[in-house]
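Participant: Build the 3D model from these lines:
(one chain, ligands or ions: 1)
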Amino acid sequence: MSAGRTVLQQNVASDRIVSKYPQPFHPDSTPYQSLNFHPKVKAACSDNKTGRAGLKICKGVLVGDVAVGKTSLVHRFCHNVFERDYKATIGVDFEVEKFSILSSPFTLQLWDTAGQERFKCIAASYYRGANVVIVVFDLSDATSLSNVEKWMDDAYLLSEASYETVESQAIGVANSLQAEYWALSSKTGENVKEFFFRAVSLTFEFLVLRELEPNGSGESKQIGSDLLKIERERTEVYEERKKKDLKCC
Ligand SMILES: Nc1nc2c(ncn2[C@@H]2O[C@H](COP(=O)(O)OP(=O)(O)OP(=O)(O)O)[C@@H](O)[C@H]2O)c(=O)[nH]1
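Facilitator: Numbers count the residues shown, from 1 in each chain. Below you'll find the model as predicted:
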């Protein structure tokens, strides 16, 4: 936790409190159209005698091409710093951020994976059990967008395109993957907090709803599991490829 942040009860910093449903980057850039937390989630959190909405942890994994800005994004959000000099991630880095969402504690584990080809196999093992997968690309590098689909194991190639064209294509890619798109800058900090608040709140809502289901932790097909579904498919394809050879570390 950065020095200078006010720390409240349960070790949650004052700037990690979510009381309103964070909105998407753009209404067209998300499959999640709710404007508010689910009424059941609100009710469970306001009447938390059962403790059902308490002590939740979620796992978020950042993936994407080499040097697209995964580490910078994590450092901007977790420590409010930006480093101009590129230092390659070796293997995987790990951060923990504590939130209070609708007055319930919620912990986000962030796994920042390396984009370099030689670390891909290591990164794949960290995807398992992820509640949210964040695929990062560089808006100034159309190739890194075309590789988003490689990361999600879908074939879709982009030609040379302007920033606006890349962005509208990115929204299309996100829509086709049932994922949500955000443009942000780790350099200036623009949209970084909004993005993580959104990601952690959607995951929180999903986990609370899943717990409120009659049979407890039944498999739901909403938010987190969509992301998990994509990831599971990705991991399955990866496992298949691994069997067929592929130079793996
Ligand atoms: N202008 C600008 N530069 C950025 C931004 N985010 C990252 N960078 C720069 O991009 C370079 C790569 O950033 P990293 O965060 O290390 O990239 P990465 O994806 O973690 O790299 P690997 O872990 O090796 O895959 C660095 O020189 C950063 O300063 C951004 O939002 N704007």
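
Participant: Give me the neighbour count for the residue of the chain found nearest the ligand.
Facilitator: For the chain and the ligand, the shortest gap (Cβ to the nearest ligand atom) falls at Gly115, measuring 2.6 Å. (Each C-beta comes from the backbone N, C-alpha and C, glycine too.) The number of residues packed near Gly115 is 24, by other Cβ atoms under 10 Å.

Participant: Provide the secondary structure category for it.
Facilitator: Going by DSSP: H, G, I helix; E, B strand; the rest coil, the secondary structure assigned to Gly115 is coil.

Participant: What of Asp28?
Facilitator: Asp28 - assigned by three-state DSSP - is helix.

Participant: List, one by one, the residues from the protein near the ligand.
Facilitator: 66-72, 83-86, 88-89, 114-116, 185-187 (Cβ under 6 Å from any ligand atom).

Participant: Without its sequence neighbours, what residue ends up closest to the residue of the chain closest to the ligand?
Facilitator: Val66 (3.5 Å; Cβ to Cβ, 6 or more residues apart in numbering).

Participant: so Ile134 sits in a helix?
Facilitator: No - assignment of Ile134 by three-state DSSP gives strand, placing it outside any helix.

Participant: beta partners of it?
Facilitator: Leu62 (DSSP bridges).

Participant: Which pLDDT value goes with it?
Facilitator: Looking at Ile134, its pLDDT stands at 89.

Participant: I'd say it and Val68 touch.
Facilitator: No - with contact defined as Cβ atoms under 8 Å, Ile134 does not reach Val68; the gap is 11.2 Å.

Participant: on that earlier part again, please verify my assumption that the residue nearest to Gly115 contacts Thr113.
Facilitator: No - the criterion here is Cβ under 8 Å, and Val66 misses it with Thr113 at 10.7 Å.

Participant: out of those two, which sits in the busier spot?
Facilitator: Legend: neighbour count by other Cβ under 10 Å for Val66 and Thr113, higher for Thr113 (24 against 15).

Participant: That one: what's it in contact with?
Facilitator: Listed by Cβ atoms under 8 Å, 6 or more residues apart in numbering, the contact set of Thr113 reads 61-63, 70, 89, 92, 119, 122-123, 126.

Participant: List the beta-bridge partners for it.
Facilitator: Val92.

Participant: does the residue nearest to Gly115 count as helix, strand or coil?
Facilitator: coil.

Participant: that older thread, among the residues of the chain next to the ligand, which ones are buried?
Facilitator: 67-72, 89, 114-115, 186 (16 or more other Cβ atoms under 10 Å).

Participant: Taking these, tell me the two that lie furthest apart.
Facilitator: Farthest pair in these (Cβ to Cβ) is Ala114 and Ser186. Separation: 16.7 Å.

Participant: now the angle between strand 132-136 and the helix or strand that contains Leu108, please.
Facilitator: Taking DSSP states H and E as the criterion, the element that holds Leu108 is strand 104-113. Angle, strand 104-113 to strand 132-136, by axes from the mean of the first three to the mean of the last three Cα atoms, to 10 degrees: 40 degrees.

Participant: Report the distance from strand 104-113 to the chain centre.
Facilitator: 9 Å (Cα atoms, centre = their mean, to the nearest Å).

Participant: I'm done for today, thanks for sticking with me.
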